[in-house]
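S.K.: The amino acid sequence is not available; the structure is as follows:
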């Protein structure tokens, strides 16, 4: 026998449906209101209530006296960025769309970006294993290059993806030198004396499928969105979603996040903050850059292409909503071939967390209407 619902719950549910019907497609729906519990004297069974959160055990100092608990965080749980990478909602798998940049109808946009005649020279100088707060492990690669003085990064998921420039032997180095800079196989452990390159080890983690095409995200640095909890953009959520997809147990082909240090679409943090002030004065993100005499998008992807080649990847699946980025990442002579485009759909777009703000709504609207980014409704539904 169904449990009758109180009138207040029915009214709240109808109001929630009306409020979420006409939200923009990139808005995450509001949380459905909780239904109030029935009074104890009611003839109907009470609604199921969530269990209270367990309280933290009391803390004691070295002398045995009770220590006051720390004050609550200044950041509310709704505002704190999600853990990265995560295995939440592992059933949400990426959906791939075949692309071909050699034909006009290949799904790669209409723009022809200006590319350098040759790719930059890059070198991976150190690699280290990063255990994450959610149990996933990844390898962080730090790169230098011959075009700028910045240290760009490659975050690698999987054990078969390795850097050629890192693994190449260097004159006069010892086995300990190789292990310290990350040119080793398997895992490091106390007492290990050799890098083990070319050897097999019982300590090696399970290998992913060889020959599979990895998932790749080209991500440009965004201090405000990734570190300062800015609600002006969705950069932090996109970085989280890329890591979530690459850390799924079903992703046996590995993954790479190329993290380029080109803040503010290439104009730098200082100019980006000026653009924020122009946005508060009424400009959108494109107009603000142009008013500051910068291109709407000053980013370059030659370094990303060179880093992918150093990691041994000539064919990849690119996680992006910007089809025009495909030709830029492929390089001047298609040194890297993008076989598929995987739509970037953060979990908040599916109504599974994240945040909403007036600023991010305008930001996404501008990306879609003025910069040609695609919103894949099939991946959201």
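M.R.: Arrived safely. Keep in mind that this is a model prediction, so the values were computed, not measured. Numbering: from 1, shown residues only.

S.K.: Looking at stretch 332-339 now, give me its mean pLDDT.
M.R.: Average pLDDT, stretch 332-339: 93.

S.K.: could you pull out the helices for the chain?
M.R.: For the chain, the helices defined by DSSP state H cover 7-21, 164-167, 175-180, 223-226, 235-246, 269-280, 285-291, 302-310, 324-330, 358-370, 377-380.

S.K.: how does this protein divide up, domain by domain?
M.R.: Domain assignment for the chain by automatic domain parsing gives 97-196+206-262+299-380, 269-298.

S.K.: Just put these in JSON lines and tack on mean neighbour count.
M.R.: Heads up, the C-betas are built off the backbone N, CA and C, glycines and all. Formatted as JSON lines, the domains of the chain follow (neighbours: other Cβ atoms under 10 Å):
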{"stretch": "domain 97-196+206-262+299-380", "mean neighbour count": "18"}
{"stretch": "domain 269-298", "mean neighbour count": "16"}
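
S.K.: And residue 100, its phi and psi?
M.R.: phi -150, psi 110 (degrees, to the nearest 10).

S.K.: wouldn't residue 267 be in contact with residue 291 here?
M.R.: No. At 11.8 Å, residue 267 does not count as touching residue 291 under the criterion of Cβ atoms under 8 Å.

S.K.: hang on, the earlier thing: can you flag the weakest of the helices of the chain by average pLDDT?
M.R.: Of all these, the segment with the smallest mean pLDDT is helix 377-380, scoring a mean of 46.

S.K.: lowest average confidence, helix or strand, in the protein?
M.R.: Lowest mean confidence among the helices and strands of the chain (mean pLDDT, DSSP states H and E): helix 377-380, at a mean of 46.

S.K.: Under the pLDDT cut-off, which ranges of the stretch 51-200 of the chain? List them.
M.R.: Applying pLDDT under 70 to the stretch 51-200 of the chain flags the ranges 51-94, 111, 198-200.

S.K.: what do you get if the cut-off is 50, keeping everything else the same?
M.R.: 51-57, 60-64, 69-91, 199-200 (pLDDT under 50).

S.K.: show me where it has strands.
M.R.: Using DSSP state E, counting those that start in this stretch, the strands of the stretch 51-200 of the chain run over 59-60, 66-67, 97-98, 122-131, 137-145, 152-157.

S.K.: Residue 114 is nearest to which of those strands?
M.R.: Nearest to residue 114, of all the strands of the stretch 51-200 of the chain, is strand 137-145, at 18.9 Å by Cβ to Cβ.

S.K.: What pairs with the closest one, parallel or antiparallel?
M.R.: Counting by DSSP bridges, the strands paired with strand 137-145 are strand 122-131 (antiparallel), strand 152-157 (antiparallel).

S.K.: Report the angle between the shortest one and helix 235-246.
M.R.: In this case it means strand 152-157. Counting by axes from the mean of the first three to the mean of the last three Cα atoms, to 10 degrees, strand 152-157 lies at 40 degrees to helix 235-246.

S.K.: could you give the angle of strand 152-157 to helix 302-310?
M.R.: Going by the same axes, to 10 degrees, strand 152-157 makes 40 degrees with helix 302-310.

S.K.: Put together TSV for the strands of the stretch 51-200 of the chain, with distance to residue 232 on each row.
M.R.: Formatted as TSV, those follow (distance: least, Cβ to Cβ, whole Å):
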stretch	distance to residue 232
strand 59-60	38
strand 66-67	39
strand 97-98	29
strand 122-131	28
strand 137-145	27
strand 152-157	23
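
S.K.: Which among those strands is found nearest to residue 295?
M.R.: Each of these has some distance to residue 295 by Cβ to Cβ; the shortest is strand 152-157, at 20.3 Å.

S.K.: hang on, isn't residue 316 packed against residue 217?
M.R.: No. In terms of Cβ under 8 Å, residue 316 does not count as a neighbour of residue 217; the distance is 9.9 Å.

S.K.: Spit out the residues that contact the two alike.
M.R.: Contact with both residue 316 and residue 217 is made by residues residue 256, according to Cβ atoms under 8 Å, 6 or more residues apart in numbering.
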